[in-house]
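Visitor: Fold the following for me, if possible:
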Amino acid sequence: MSTNHQFGELLYAYELGALDAPERAALEAHLAGGCADCTAELAEARWMVSQLAYTAPEAVPSDMLRGRLMQIVRAEAASADRGVAKTATVAKPAVPFWMWAAVAALVIATFYSSWNARQVQKQIGDLNDRAVAQLHSREKIEAELASVQRVASILSDPASVKIGLATSQPELGPLQANWNPKLGLVVSGTKIPQPAGNRVLQLWLIPKAAGGKPLPSLVLRPDANGNLVMLVPNPPEVMAEIKALAVSEEPEGGSPQPTTTPKWVGGVS
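Guide: Residues are numbered from 1 along each chain as shown. Sure thing, here's the model as predicted:
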């Protein structure tokens, strides 16, 4: 075996970082001397090591495979240590380069499988987020559908009491309220101008009790076409306690008490 071939066997271990300090120093000194054969073999070894990542399996190696492989490596190393005499020349690698390649492939497979697992977890998380978003969207649609059905039931139920809300401003259209003792209260109207800025329309329930303050209810803005439909699912259970309904223009979010003169008012008979 020539000296160059001895160095050639070290090249794969060198690329894998498996040489000890004396072996690495000797090899690097040899390469610095301009050996063309070893330089070419080093390039081939570097290419082979770089390709190990593409041969890594997707499955995580079993514990049994790891254990058996490391036992073989340790046995090879121990055998080589006992059989090789200590000389001044560069020693043959304790472990063949193919064995280091197998170890490297095992390590790469482990890291690749770990990375792949994180990618799968990320995909599962993304799918879960989309599923939650779709669930919330479905719940919102179902709630809107239930609201529309409830409004339709209140408007069509003969038990609902109709309350007209008149206005003294000619540019405003009238509002109508339908109050059902079991289903709730609906205030609706068409061609209703948009309140200025971020202001809203707020419904008030005026009690019959002497000195009773207006009870604040829902706030709403008409849609782009001037249509307004306000559903109050839980008004006072006893209509006889309310003498009138009123709608005023209030700051965004509503007010605890009216801050402007109501634009629509209707008595509850």
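
Visitor: how about the strands in the stretch 101-250 of the chain?
Guide: 161-165, 175-180, 184-189, 200-207, 215-220, 228-232, 242-250 (DSSP state E, counting those that start in this stretch).

Visitor: low-confidence ranges in the stretch 51-200 of the chain?
Guide: 51-117, 119-120 (pLDDT under 70).

Visitor: possible to save the strands of the stretch 101-250 of the chain as a markdown table with distance to residue 123 and mean neighbour count?
Guide: Where you see a C-beta, it was placed from the backbone N, CA and C, and this is true even at glycine. Converted to a markdown table, the strands of the stretch 101-250 of the chain look like this (distance: least, C-beta to C-beta, whole Å; neighbours: other C-beta atoms under 10 Å):
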| stretch | distance to residue 123 | mean neighbour count |
| --- | --- | --- |
| strand 161-165 | 55 | 16 |
| strand 175-180 | 50 | 21 |
| strand 184-189 | 45 | 22 |
| strand 200-207 | 44 | 22 |
| strand 215-220 | 42 | 18 |
| strand 228-232 | 41 | 18 |
| strand 242-250 | 48 | 21 |
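
Visitor: The ones you listed into CSV, with extra columns for distance to residue 30?
Guide: Formatted as CSV, the strands of the stretch 101-250 of the chain follow (distance: least, C-beta to C-beta, whole Å):
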stretch, distance to residue 30
strand 161-165, 100
strand 175-180, 97
strand 184-189, 92
strand 200-207, 86
strand 215-220, 86
strand 228-232, 88
strand 242-250, 90
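
Visitor: Determine which of these approaches residue 136 most closely.
Guide: strand 228-232 (21.0 Å; C-beta to C-beta).

Visitor: Can you name every helix or strand that that closest one contacts?
Guide: The contact analysis (3 or more C-beta pairs under 8 Å, 6 or more residues apart in numbering; DSSP states H and E) places strand 228-232 against helix 97-156, strand 184-189, strand 200-207, strand 215-220.

Visitor: Swap in 6 Å and give it another go.
Guide: Other elements packing on strand 228-232 under the criterion 3 or more C-beta pairs under 6 Å, 6 or more residues apart in numbering; DSSP states H and E are strand 184-189, strand 215-220.

Visitor: how about these, which one is nearest residue 125?
Guide: Closest among the helices and strands packed on strand 228-232, using C-beta to C-beta: strand 215-220, at 38.1 Å.

Visitor: Provide the contact partners of the closest one at residue level.
Guide: 200, 201, 202, 203, 205, 230, 232, 254, 256 (C-beta atoms under 6 Å, 6 or more residues apart in numbering).

Visitor: for stretch 200-212, same thing?
Guide: Under C-beta under 6 Å, 6+ apart, the answer for stretch 200-212 is 187, 214-215, 217-221, 241-244, 246-248, 250, 252, 254.

Visitor: got the domain boundaries for this structure?
Guide: 3-119, 161-267 (automatic domain parsing).

Visitor: can you count the residues close to residue 36?
Guide: Residues lying near residue 36 (other C-beta atoms under 10 Å) number 8.

Visitor: Next, the contact list for it, please.
Guide: Going by C-beta under 6 Å, 6+ apart, the list of residues near residue 36 is empty.

Visitor: Over to it: give its phi and psi.
Guide: In terms of degrees, to the nearest 10, the main-chain angles of residue 36 are phi -70, psi -40.

Visitor: circling back: could you work out the most separated pair of the contacts of strand 215-220?
Guide: Farthest pair in those, by C-beta to C-beta: 230 and 256, 18.4 Å.

Visitor: Before I go, just wanted to say thanks for your time.
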